[in-house]
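Asks: sharing a model prediction with you, sequence too.
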Amino acid sequence: MRGFLENIKIAFRSLFLNKTRSFLTMLGIIIGVGAVVAMLSIGTGAQESVISSVQDIGSNLIIISPGNPEEEQQMMGPQMMFAGDNAELGPDDVTAIEREAELVTVVAPVVFGGGMVSYLNKNTQPQIYSSTENGLELYNMDIERGSFYNRGDVSSSSNVAVIGQTVVKKLFNNIDPMGKIIKINGQNFKVIGILEPRGTDSFGNDQDNVVSVPVTTAQSKLFGEGSYDMILTQSINEESIDDATEEIEDILRRSRGIRIGEKNDFRVRNQTQLLDVVSTITGIFTVVIAGIASISLLVGGIGIMNIMLVSVTERTKEIGIRKAIGAKNRDILVQFLVESIVLSVTGGISGILFAVLISIILNNFTVLETSITTMPIIIALSFSTAVGLFFGIYPAMRAARLNPIDALRYE
């Protein structure tokens, strides 16, 4: 143990005697470890942020959208048409779910799109989201002032609007927007409510840059569409979300006349499935990026091997003297291996500090959220230690095999 500690002291002494050379040697390890840990922290942060955003909407939310589930996985040729191609979601689908589903609570159709919103001489282009009175609950939104549109507003296609905080700032500044008349795509709408601030989502989108109107109003006066972009509903609790998803699928297949063996012309997804997809995507992204960044570790390892070979050549006479006074081949081997590992681990620790600095900068000055956990640090340190050990073996063996007589004669 004492000899091992002595080797570590010698390794650090050698490292500090050649500061510039040691730093340049460690640079590849620093960049590699820093990049790997930073990429893993970005991937973890993105995954946590998306999961948080999804859970904010509601962990038992179920989303029904038009189209075949397999369309996203393969291109369908003209000869492979299936029942219900280009089918749309409509009021009959909402009615069927409300009438037959036993495992869901509320149902709300959704139509969304862009549009020009103006007040006096100011204008903005927010996301226009439209639904029924149930939309407030399903989207887990809160009203700061005023009220959300009610069932009467939906049934009569009233020109009323609820606006987000960004729209308030862009159009009204210090003016109270309540009761004011704004124009949406040239149509007059009365502001009846203001949403509480929600900030940006995990993709950097401003969730407060939104205007919400009754779905019937949007269909008849803004977008001219009779179909829905999606239908939202909730299971009675989180435990029943998968059963509720299957129940809705069965109901829609019956109501839409889809026969056994025919593919669905709609997609039913719940938050659990969405989270699984997000986790898979971010996981693949993180592994690929971290793999690319790991190339720097390989380059750094080659740099360590190169500098250790130079060190062996420079210290040939020192090796000869040590052998002449009784040092064994194993002692020389351990000494140079320890030096290689110390060089690599020091670079790894510096790389981790570099990654922490990157994470702080990204968290404070960009929309990206990062999260450095213990596991990436352990993996990075283990990998950098392995790099030092692997690439230090050959130079250490070369030093250990030197003939003491030839080493003493070396100039």
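Replies: Yep, that arrived. Numbers count the residues shown, from 1 in each chain.
Asks: secondary structure class for Arg259?
Replies: Here Arg259 takes the coil state, with states given by DSSP: H, G, I helix; E, B strand; the rest coil.
Asks: next one, pLDDT for it please.
Replies: pLDDT, Arg259: 87.
Asks: next up, phi/psi of it, please.
Replies: Per-residue torsions, Arg259: phi -80, psi 160 (degrees, to the nearest 10).
Asks: and it, how far from Leu252?
Replies: Distance, Arg259 to Leu252, by CB to CB, to the nearest Å: 13 Å. All C-beta atoms are positioned from the backbone trio N, CA, C, and that covers glycine.
Asks: those two: which is more packed in?
Replies: Neighbour totals were compared for Arg259 and Leu252, and Leu252 leads with 23 against 7 (other CB atoms under 10 Å).
Asks: list of residues touching the helix or strand encompassing that one?
Replies: Assigned by DSSP states H and E, Leu252 falls within helix 241-255. Helix 241-255 is contacted from outside by 59-60, 62, 64, 92-93, 96-97, 100-104, 233, 235-236, 258, 264, 266, 268-273, using CB atoms under 8 Å, 6 or more residues apart in numbering.
Asks: which of the residues you listed are buried?
Replies: Listed as buried from the contacts of helix 241-255 are 59-60, 62, 64, 93, 96-97, 101, 103-104, 233, 235, 258, 264, 266, 268-273; burial here means 16 or more other CB atoms under 10 Å.
Asks: secondary structure class for the residue lying closest to Pro177 once chain neighbours are set aside?
Replies: Nearest non-adjacent residue to Pro177, counting by CB to CB, 6 or more residues apart in numbering: Val191, 4.9 Å away. Three-state call for Val191 (three-state DSSP): strand.
Asks: list the contacts for Val191?
Replies: Val191 neighbours (CB under 8 Å, 6+ apart): Gly146, Val160, Ala161, Val162, Ile163, Pro177, Met178, Gly179, Lys180, Ile181, Ile182.
Asks: do the same with Ile358
Replies: Contacts were defined as CB under 8 Å, 6+ apart; by that measure Ile358 touches Gly34, Ala38, Thr370.
Asks: can you pull the phi and psi angles for it?
Replies: According to degrees, to the nearest 10, Ile358 has phi -60, psi -40.
Asks: now the strand ranked longest in the chain, how far from the centre of its chain.
Replies: If you go by DSSP state E, the chain has its longest strand at strand 104-114. Centre-to-centre, strand 104-114 and its host chain are 26 Å apart (CA atoms, centre = their mean, to the nearest Å).
Asks: that strand packs against which elements?
Replies: If contacts are counted by 3 or more CB pairs under 8 Å, 6 or more residues apart in numbering; DSSP states H and E, strand 104-114 sits against helix 91-100, strand 127-131, helix 135-138, helix 215-217, strand 230-235, helix 241-255.
Asks: reformat those as a markdown table; add distance to Gly224 and mean pLDDT.
Replies: Below are these laid out as a markdown table (distance: least, CB to CB, whole Å; pLDDT from 0 to 100):
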| stretch | distance to Gly224 | mean pLDDT |
| --- | --- | --- |
| helix 91-100 | 16 | 92 |
| strand 127-131 | 13 | 92 |
| helix 135-138 | 20 | 84 |
| helix 215-217 | 12 | 93 |
| strand 230-235 | 18 | 90 |
| helix 241-255 | 25 | 91 |
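Asks: which of these sits closest to Thr25?
Replies: Of all these, strand 127-131 sits nearest to Thr25, with 52.5 Å by CB to CB.
Asks: that closest one vs strand 230-235, what angle?
Replies: Counting by axes from the mean of the first three to the mean of the last three CA atoms, to 10 degrees, strand 127-131 lies at 60 degrees to strand 230-235.
Asks: direction included, what does strand 127-131 pair against?
Replies: Paired strands of strand 127-131, with direction, are strand 104-114 (antiparallel), strand 210-214 (parallel) (DSSP bridges).
Asks: out of the helices and strands packed on strand 104-114, nearest to Ser155?
Replies: Closest to Ser155 of these is helix 215-217 (CB to CB; 7.2 Å).
Asks: from Arg267, how far off is Ile175?
Replies: Ile175 sits 43 Å away from Arg267, going by CB to CB.
Asks: neighbour count: those two, which is higher?
Replies: Arg267 (18 against 11).
Asks: so which elements touch the host helix or strand of that one?
Replies: Taking DSSP H and E as the criterion, Arg267 maps to strand 266-270. For strand 266-270, the packing partners by 3+ CB pairs under 8 Å, 6+ apart come out as strand 61-66, helix 241-255.
Asks: ok, 10 Å please
Replies: Packed against strand 266-270 by the contact rule (3 or more CB pairs under 10 Å, 6 or more residues apart in numbering; DSSP states H and E) you find strand 61-66, strand 230-235, helix 241-255, helix 271-293.
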